[in-house]
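Undergrad: Fold the following.
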Amino acid sequence: MPSYLHFGEDDFLRCRFAVSPLWETQEAVRTLKRPDRHGYHAPWLRRFRAAADALDLSGVWLLMPRRGHSPDWLCPPPVGPAAGFEEEIAAVRAADPEAAREDTARSLADTPGAADSPYGRAWMRDPERMVAELADTLERVWHTLVEPEWPRLRALLEADVAFHSRRLAEVGLGGLLPEINRRCGWRAGTLTVESQGRHERHLGGQGLVLMPSVFVWPDVVSGFDPPWQPTLVYPARGIGGLWKDGPADDDALARLLGPNRAAVLAALDEPAATSALAHRLGLAPSSVSAHLTVLRAAGLLLSRRYGHQVLYERTPLGMALVSGGR
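TA: Got it, this is the predicted structure:
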């Protein structure tokens, strides 16, 4: 179902990019529960599976319906472009208990049986305890599963912000938003997002937070109800090479795909166009184009249009081949 975000004249002046460690922490929890998200993150899952299994996440998972509302108070839009986790979790702990209770009740209603579960009943009776318990859980997840990898995650997210900031300067907001993700469309001052739930909001001069995310893939999230600033969360560029710690057996990959085709696949640690790959690899653009066509047909790549360019990036299967299953 589509979501609609309507821009007024002042909203164009109040759009900003942000990076949120709290958001990545919440979405890491969601990713553990969602097999459709595992493809790009298989190395992370293998590395932290035992630590994740030792955490009790059953309560948080009740607030993460496959389709429906997740509480805004539990992961509000970041207060600044590069807020630290401590700053963000402090804002969660300071949530108004009654407002959090109302927001949580709406989320529990979207998961059958959640409201009548021990967690649901306890939270509705004592929202102050709920706020403290859920903040404690997210803090444990941060320290256990996300903080050890945060330098790697932050570098990728900041690179995405730098890239899209340049594109914003080149093509303007109306040109940038459809480029950010193929689920986004722009027409006459309205951003349309194909997402998992219907949401419509006039931005009312608040502008829009644009937030890349590692763990949100393959979804795009739009929304946040008042009083939160409207936000668009989209998959960051380059996640295909995020967890790559070392090369696969290059000879084996070359034997499987051919040396040039293997080189093209291995070079796509972040999305790139045919001309950039040709220059990087010292190959003719026509040759690179032919290899990209074959790799895409085999399910190893996907393509997206950015302005006048078509950028290619690895699928989870393509990433698995390059990383050697690490």
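Undergrad: so how far is residue 24 from residue 206?
TA: The spacing between residue 206 and residue 24, counted by Cβ to Cβ, to the nearest Å, is 23 Å. All C-beta spots, glycine's among them, are computed from the backbone N, C-alpha and C.
Undergrad: Between the two, point out the one with more neighbours.
TA: More neighbours surround residue 24 than the other of residue 206 and residue 24, with 26 against 18 (other Cβ atoms under 10 Å).
Undergrad: Please enumerate residues in contact with whichever helix or strand the more buried one is part of?
TA: In the assignment (DSSP states H and E), residue 24 maps to helix 21-33. Helix 21-33 has contacts (Cβ atoms under 8 Å, 6 or more residues apart in numbering) with 37-38, 41, 45, 52, 57, 60-61, 64, 74-75, 78, 83-85, 88-89, 92, 138, 141-142, 145-147, 150, 153-154, 211, 213-216, 233.
Undergrad: What's the local residue count around residue 41?
TA: Neighbours of residue 41 using other Cβ under 10 Å come to 22.
Undergrad: which ones are touching it?
TA: So residue 41 contacts 31, 215, 242, 243 (Cβ under 8 Å, 6+ apart).
Undergrad: Now flag whichever of those residues is closest to residue 282.
TA: Of all these, residue 282 sits closest to residue 242, with 26.2 Å by Cβ to Cβ.
Undergrad: and the gap between that closest one and residue 303?
TA: With Cβ to Cβ as the criterion, residue 242 and residue 303 are 19 Å apart.
Undergrad: now swap in residue 257 and tell me
TA: 18 Å.
Undergrad: Out of the contacts of residue 41, list just those in helices.
TA: By the criterion of DSSP state H, membership of the contacts of residue 41 in helices covers residue 31.
Undergrad: and the contacts of residue 41, which are buried?
TA: 31, 215, 242, 243 (16 or more other Cβ atoms under 10 Å).
Undergrad: Distance to residue 159 and pLDDT for the residues you listed - can I get that in a markdown table?
TA: Output for the buried ones among the contacts of residue 41, formatted as a markdown table (distance: Cβ to Cβ, whole Å; pLDDT from 0 to 100):
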| residue | distance to residue 159 | pLDDT |
| --- | --- | --- |
| 31 | 21 | 95 |
| 215 | 16 | 94 |
| 242 | 11 | 83 |
| 243 | 15 | 81 |
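Undergrad: Correct me if wrong: residue 103 contacts residue 73.
TA: Yes. Using Cβ atoms under 8 Å, residue 103 is in contact with residue 73, at 5.1 Å.
Undergrad: Now do the helix or strand where residue 288 lies: distance to the chain's middle.
TA: In the assignment (DSSP H and E), residue 288 maps to helix 285-297. The chain centroid and the centroid of helix 285-297 are separated by 28 Å under Cα atoms, centre = their mean, to the nearest Å.
Undergrad: For whichever helix or strand comes after it, buried residues please.
TA: Next along the chain after helix 285-297, taking DSSP H and E as the criterion, comes strand 301-306. Across strand 301-306, burial judged by 16+ other Cβ under 10 Å covers 301, 302, 306.
Undergrad: what's the nearest residue to the last one if we skip its chain neighbours?
TA: Spelled out, it's residue 306. residue 179 (4.8 Å; Cβ to Cβ, 6 or more residues apart in numbering).
Undergrad: wait, doesn't that neighbour sit right on residue 171?
TA: Yes. Using Cβ under 8 Å, residue 179 makes contact with residue 171 at a distance of 7.5 Å.
Undergrad: okay, the two: which has more neighbours?
TA: Using other Cβ under 10 Å, the more surrounded residue of residue 179 and residue 171 is residue 179, with 19 against 16.
Undergrad: where exactly do the helices run in the stretch 51-200 of the chain?
TA: Along the stretch 51-200 of the chain, counting by DSSP state H, counting those that start in this stretch, helices occupy 58-61, 85-93, 97-108, 118-125, 127-141, 150-180.
Undergrad: Out of the ones you listed, which gets the lowest mean score?
TA: If you rank these by mean pLDDT, helix 150-180 sits at the bottom with a mean of 88.
Undergrad: Enumerate the positions of that helix that are buried.
TA: 153, 156-158, 160-161, 163-164, 167-168, 171, 173, 176-180.
Undergrad: what's the model's confidence in the host helix or strand of residue 256, averaged?
TA: Using DSSP H and E, residue 256 sits in helix 250-257. On average, the pLDDT along helix 250-257 is 81.
Undergrad: helices or strands next to the helix or strand following it in the packing?
TA: Sequence-wise, the next helix or strand downstream of helix 250-257 (DSSP H and E) is helix 259-266. With contacts taken as 3 or more Cβ pairs under 8 Å, 6 or more residues apart in numbering; DSSP states H and E, helix 259-266 sits against helix 250-257, helix 274-281, helix 285-297, helix 316-323.
Undergrad: among the ones you listed, which is nearest residue 222?
TA: Of all the helices and strands packed on helix 259-266, helix 316-323 sits nearest to residue 222, with 23.9 Å by Cβ to Cβ.
Undergrad: So what's the model's average confidence on that closest one?
TA: 73.
Undergrad: where does the stretch 201-326 of the chain dip in pLDDT?
TA: 245-250, 307, 316, 320, 323-326 (pLDDT under 70).
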